[in-house]
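In: Build me a structure from this.
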Amino acid sequence: MESNIVTTAQYRPDRLFYGIGGNMLNSLIDKMPDSGVATQAQKTEFQNTFDRLTTAYPGAVVLGEFATLHLSYEPAHAFEESPTNSDLMKLLADLAATSDRPVDLHIDVVPQTISTPNFFRQASSRNPAQLQANIPGLENLLAYNRNARIVLAHVGRDTTGHMSPSLIDRLLAAHPNLYAQIHPVSEPLQSTTAILDTAGNVRAEWVALMQKYPDRFVIGSDSFFSGNVRERSLGQTQRFLQQLPGDLAYKIGCANPLKTYKLSSGC
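Out: Presented below is the predicted three-dimensional model:
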């Protein structure tokens, strides 16, 4: 997978950048026990895999996407769950800091143990009946190494009913090494805390939050194919940016990604 991405990126090295580890390293994190404690052999394998990847693909600008809670949208779509503050996640934070690469982290947020939303129970038997709290583990990871930049993926898409502006506000205020990657949709729950309402309008409380932390948000689209899940139109991203004040749209859509991922070109 990585080699195919690198080959594609070589066509436009000024416009296309890539990440590593979302496959090989994430699969090692997926094997972590509920305790989050890794053996020395697991740590060594993780370190050696990281070293091989960074040697083979030195142009990678980001680590990930990683997932510590990934809900399944349909039977062919993966469910993943592991402790967000596990030994291997902390090792990943250390490696991110020393290599000066951010970590893209997919975590369907769960402040306290909840029943899995009916949408996901009906969509895929891979999803469990309950979801365990993961925000405490996320905060522990963020505090563990302040030099590790963690980009919370798909912010604004509310998969659990708890991805609220107030939660993201609290996390950004408490953790200066946290960044938010916006996913401008109201799917799948169409909850009142999603960044868009059902008509596709950006909710005012989210605009206020982005204006409060104008340097901590970047745009994301999360386009992919899996079974019955189809690629979302990039037009959604364009419509989202067009609704923002011009200076904020420029920061989120262009200037902030350059700084957060330390890209060599853009804008």
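
In: what helix or strand is the residue nearest to Glu81 when sequence neighbours are not counted on?
Out: Excluding the flanking residues, the one nearest Glu81 by Cβ to Cβ, 6 or more residues apart in numbering is Leu69, at 5.2 Å. C-beta: built from backbone N, CA, C; applies to glycine. In the assignment (DSSP states H and E), Leu69 maps to strand 62-70.

In: Who are the packing partners of the helix or strand just after that strand?
Out: Per DSSP H and E, the first helix or strand lying C-terminal to strand 62-70 is strand 80-81. Applying 3 or more Cβ pairs under 8 Å, 6 or more residues apart in numbering; DSSP states H and E, one finds that strand 80-81 contacts strand 62-70.

In: which strands and helices sit next to the strand holding Leu69?
Out: strand 19-20, helix 24-30, strand 80-81, helix 87-99, strand 103-107, strand 150-155.

In: could you dump the ones you listed to TSV with distance to Pro165 and mean neighbour count?
Out: Shown next, in TSV, are these (distance: least, Cβ to Cβ, whole Å; neighbours: other Cβ atoms under 10 Å):
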stretch	distance to Pro165	mean neighbour count
strand 19-20	27	23
helix 24-30	28	19
strand 80-81	25	20
helix 87-99	26	20
strand 103-107	17	24
strand 150-155	10	25
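
In: any chance of the ones you listed in TSV, plus distance to Tyr250 and mean pLDDT?
Out: Formatted as TSV, the helices and strands packed on strand 62-70 follow (distance: least, Cβ to Cβ, whole Å; pLDDT from 0 to 100):
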stretch	distance to Tyr250	mean pLDDT
strand 19-20	24	95
helix 24-30	32	97
strand 80-81	34	97
helix 87-99	27	98
strand 103-107	22	98
strand 150-155	19	97
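
In: Nearest approach to Ala38 belongs to which of these?
Out: The stretch from the helices and strands packed on strand 62-70 with the least distance to Ala38 (Cβ to Cβ) is helix 87-99; that distance is 3.7 Å.

In: Report pLDDT for Leu234.
Out: Looking at Leu234, its pLDDT reads 75.

In: count of residues packed around it?
Out: Neighbours of Leu234 under the rule other Cβ atoms under 10 Å: 10.

In: Skipping adjacent residues, who's closest to it in space?
Out: Using Cβ to Cβ, 6+ apart, the nearest residue to Leu234 is Ser221, at 5.9 Å.

In: The helix or strand where Ala180 lies: what's the following helix or strand?
Out: Per DSSP H and E, Ala180 falls inside strand 178-182. Sequence order places helix 204-212 as the next helix or strand after strand 178-182, per DSSP H and E.

In: How far off centre is that following helix?
Out: Counting by Cα atoms, centre = their mean, to the nearest Å, helix 204-212 is centred 20 Å from the centre of its parent chain.

In: hang on, the earlier thing: Glu65 is nearest to which of the helices and strands packed on strand 62-70?
Out: Among the helices and strands packed on strand 62-70, strand 103-107 sits nearest to Glu65 (Cβ to Cβ), with 4.3 Å.
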